[in-house]
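> I'd like to go over a predicted model; first the sequence, then the structure.
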Amino acid sequence: MAVSVEEKVDSREVTTGDNASAVLRYVIRGTADDGEAKSALADAAPESYDDLVRKGREVSPVFVDISNPAGSVWDGVARYGREREEPETGQSRFSFDTGGGTQHITQSLRTVAAHGAPGIAPPNFHGAIGVTGQSIEGVDIHVPVYNFVETHYLPAAYVTGGYKVTLFHLTGKVNDASFRGLSSGEVLFLGASGSARSGEDWEITFRFAASPNRRDISVGSITGIDKSGWDYMWVTYEDAEDEDSGRLVKRPVAVYVEQVYEYGDFSGLGI
């Protein structure tokens with residue numbers, strides 16, 4: 001007996017819209033072998049349905065008798081969805097967010113107000129935050145960080161062992177020249193991940209974070225401080241007498257800007 005495939009009366013389940021899909025349901029008879037049942041379903045179910053393409057097919061046993069394959073029955077399902085075009089070699093995709101990050105600071109931009117007890121002048125700490133005895137506690141604040149991701153489809157001939165090593169050595173480096181409209185020192189390369197597509201090209205995703213350069217920063221009475229986006233700035237304090245209150249207070253006496261990331265030539269990324 002030949003294998004038969006019949007569409008069920010209540011077969012068709014369809015959804016519309018941007019994520020349009022369809023499901024067609026079948027009854028398969030005449031075989032006890034799931035591979036043969038699936039092959040018969042593939043022959044019977046159309047490759048496309050209502051501008052949708054077939055995405056997959058499944059069979060499940062209802063009744064299977066190995067000694068009598070002709071009496072075996074299977075349920076079959078064919079699923080359909082929109083055809084999505086794969087990016088071609090040389091194309092790119094981009095995404096970003098400006099969610100930012102946190103930073104611990106010990107100095108404010110300015111002191112908005114200071115209130116003392118009746119008859120007592122509040123000490124002037126020149127913007128130091130959380131002064132307690134011998135320490136400056138500071139505060140964690142939200143700072144702008146621009147995270148962006150680029151996915152590029154590069155020819156297989158370009159993605160050599162040497163190119164992969166270049167990506168490795170540039171990871172954790174800061175741009176030494178303008179990159180994607182951002183100034184030198186603002187972009188940190190967080191690394192790349194990739195996979196080959198059928199031996200013709202590579203899909204490689206590059207991850208970056210950007211932090212703005214700052215110029216002419218003031219910390220207390222210290223002015224004219226410049227800081228690149230990924231440099232680290234810290235402040236040292238010493239005891240000083242506050243003239244208004246007559247109390248001993250902590251005052252910033254030196255500001256240090258430290259380079260903590262090496263610079264790299266992002267042209268080596270090849271994007």
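Looks like it came in fine. This structure is a prediction, so every number in the text was calculated from the model and none was measured.

> now stretch 256-266: buried residues?
For stretch 256-266, the neighbour count (16 or more other Cβ atoms under 10 Å) marks 261, 264, 266 as buried. C-beta: built from backbone N, CA, C; applies to glycine.

> between these, which sits nearest R197?
Within these, the smallest distance to R197 is 24.3 Å, found for F266 (Cβ to Cβ).

> ok, which stretches of the stretch 151-271 of the chain are strands?
With DSSP state E, counting those that start in this stretch, the ranges of strands along the stretch 151-271 of the chain come out as 174-175, 187-197, 201-210, 214-219, 222-227, 232-241, 248-258, 263-264.

> T89: which of those is closest?
Per Cβ to Cβ, nearest to T89 of those: strand 201-210, 4.2 Å.

> strand partners of that closest one, parallel vs antiparallel please.
Sheet pairing of strand 201-210 (DSSP bridges) gives strand 146-155 (antiparallel), strand 187-197 (antiparallel).

> for stretch 202-213, C-alpha coordinates in PDB please.
Taking C-alpha atoms only, stretch 202-213 is exported to PDB below (Å, rounded to 0.1, in the frame of the first residue of the first chain):
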ATOM      1  CA  TRP A 202      32.200  35.700   8.000                       C
ATOM      2  CA  GLU A 203      29.600  37.300  10.200                       C
ATOM      3  CA  ILE A 204      31.600  39.400  12.700                       C
ATOM      4  CA  THR A 205      30.100  41.500  15.500                       C
ATOM      5  CA  PHE A 206      32.200  44.400  16.900                       C
ATOM      6  CA  ARG A 207      31.300  45.900  20.300                       C
ATOM      7  CA  PHE A 208      32.300  49.400  21.400                       C
ATOM      8  CA  ALA A 209      31.700  51.800  24.300                       C
ATOM      9  CA  ALA A 210      32.200  55.600  24.100                       C
ATOM     10  CA  SER A 211      32.800  58.100  26.900                       C
ATOM     11  CA  PRO A 212      33.200  61.800  26.200                       C
ATOM     12  CA  ASN A 213      36.400  63.700  26.500                       C
END
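
> remind me which residues of the stretch 51-200 of the chain are low pLDDT?
85, 198-199 (pLDDT under 70).

> hmm, try it at 90
In the predicted model, the stretch 51-200 of the chain carries pLDDT under 90 at residues 51, 53-57, 65-71, 81-145, 196-200.

> that one: helices as residue ranges?
161-170 (DSSP state H, counting those that start in this stretch).

> re the thing from before, and of the buried residues of stretch 256-266, the nearest to P61?
For the buried residues of stretch 256-266, the nearest to P61 is F266 (57.6 Å; Cβ to Cβ).

> so that closest one sits against F179, correct?
Yes. Using Cβ atoms under 8 Å, F266 is in contact with F179, at 5.0 Å.

> joint contacts of these two?
Contact criterion Cβ atoms under 8 Å, 6 or more residues apart in numbering; residues shared by F266 and F179: V187.

> thinking again about what came up before, for V143, state which of the buried residues of stretch 256-266 is nearest.
Y261 (16.4 Å).

> what distance do you get for that closest one to Q103?
From Y261 across to Q103, the span is 15 Å (Cβ to Cβ, to the nearest Å).

> right, I'll leave it there.
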